[in-house]
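>>> quick one, what's the 3D model for this:
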Amino acid sequence: MERTEVVLGNVKGEIQLFSEDKKAGKMDISVIGKKLTVYHTEVDPAYEGKGFAKLLLEKLVSYARENELKIVALCPYVHAQFKRHPEEYNDVWLKEEL
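All right, here's what the predicted structure looks like:
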């Protein structure tokens, strides 16, 4: 059984994914004001190919929606998913102008 948890310190934190009580993956995040920045997504090699990165993304997005946050997608995986499915993520995606 998979479960996800959002673990935040003062600003920095993780979204953690557990499979059978073993940490299977995580996203490195920070929350400042109404911005949730996601830096990195990582899934343990033993759990690759099981859709765990997508589970982490779903938790990230639902957490942002519940807390009225906008996501800054610095993580290549999250950015790619947002670009591939803009209609699904437009409400939470904060597109930074360079």
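>>> dump the residue contacts of K50.
By C-beta atoms under 8 Å, 6 or more residues apart in numbering, the contact list for K50 reads S19. C-beta coordinates here come from the backbone N, C-alpha and C atoms, glycine included.
>>> what about 10 Å?
Shown in contact with K50 (C-beta atoms under 10 Å, 6 or more residues apart in numbering): 2, 19, 24-25, 43.
>>> same deal with K34?
Contacts of K34 by C-beta under 10 Å, 6+ apart are 64, 67-70, 94.
>>> what do you get for D28?
D28 touches 12-15, 37-42, 74-75, counting by C-beta under 10 Å, 6+ apart.
>>> emit the PyMOL select command for whichever of those are buried.
To isolate the buried subset of those in PyMOL, counting by 16 or more other C-beta atoms under 10 Å, use the following:
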select buried, resi 13+14+15+37+38+41+42+75
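>>> could the contacts of D28 go into a markdown table alongside pLDDT and secondary structure?
Formatted as a markdown table, those follow (pLDDT from 0 to 100; DSSP: H, G, I helix; E, B strand; the rest coil):
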| residue | pLDDT | secondary structure |
| --- | --- | --- |
| K12 | 89 | strand |
| G13 | 93 | strand |
| E14 | 95 | strand |
| I15 | 94 | strand |
| T37 | 97 | strand |
| V38 | 97 | strand |
| Y39 | 97 | strand |
| H40 | 97 | strand |
| T41 | 97 | strand |
| E42 | 97 | strand |
| L74 | 97 | coil |
| C75 | 97 | coil |
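>>> thank you kindly, that will do.
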